[in-house]
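[1] okay, here's the prediction I keep looking at, along with the sequence it came from:
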Amino acid sequence: MATETISTLIFTGPLEWADRGACHGQTRLFFAPPGERPEARAVREAQARAVCHACPALGECREWAREHREYGFWGGESEEERAAAGYRVDMPVGRVARYPRGNGEPVRPRESRIA
């Protein structure tokens, strides 16, 4: 299995689609800086979404993020949007993970406690 380095992040596996990504060199749009405020996050993610929607690798990027439970903004989706689609990260940023691991498969959304 090949290892490829993008910026300071290391990924394993085939990432041929990443070379076609419209996001090259724009890491700051796709990963939150420490202490980012909600208003700044909304602006950053809107900019990232615009880049993603014009990207020829959108679908492959989204599938990669879902399959590998990535953090950040990938394939036009935030972590929260992937979670809503049933693809949760192993440990949400800033808190202990409350969701079971899905062995690479989507996990069912938690049932509402409100009756």
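    It's in.
[2] going by C-alpha atoms from here, please, whenever you check contacts or count neighbours.
    Fine.
[3] and for Arg49, the neighbour number?
    Neighbour count of Arg49, defined by other CA atoms under 10 Å: 20.
[4] so how far is Trp64 from Ala84?
    Using CA to CA, to the nearest Å, Ala84 is found at 16 Å from Trp64.
[5] what residues does the closest residue to Ala83 other than its chain neighbours make contact with?
    In space, not counting the residues next to it along the chain, Ala83 is nearest to Val89; the distance is 7.4 Å by CA to CA, 6 or more residues apart in numbering. Listed by CA atoms under 8 Å, 6 or more residues apart in numbering, the contact partners of Val89 are 69-71, 79, 83.
[6] cutoff 7 Å now
    69-71 (CA atoms under 7 Å, 6 or more residues apart in numbering).
[7] what segments of this structure are strands?
    Under the criterion DSSP state E, the chain contains strands at 3-6, 9-12.
[8] mind telling me which of those the model trusts least?
    The stretch with the lowest mean pLDDT among the strands of the chain is strand 3-6, at a mean of 48.
[9] find me the pLDDT at the spatially closest residue to Cys55 that is not a sequence neighbour, would you?
    Of all residues not flanking Cys55 in the chain, Ala22 sits nearest, at 5.1 Å (CA to CA, 6+ apart). As predicted, Ala22 sits at a pLDDT of 92.
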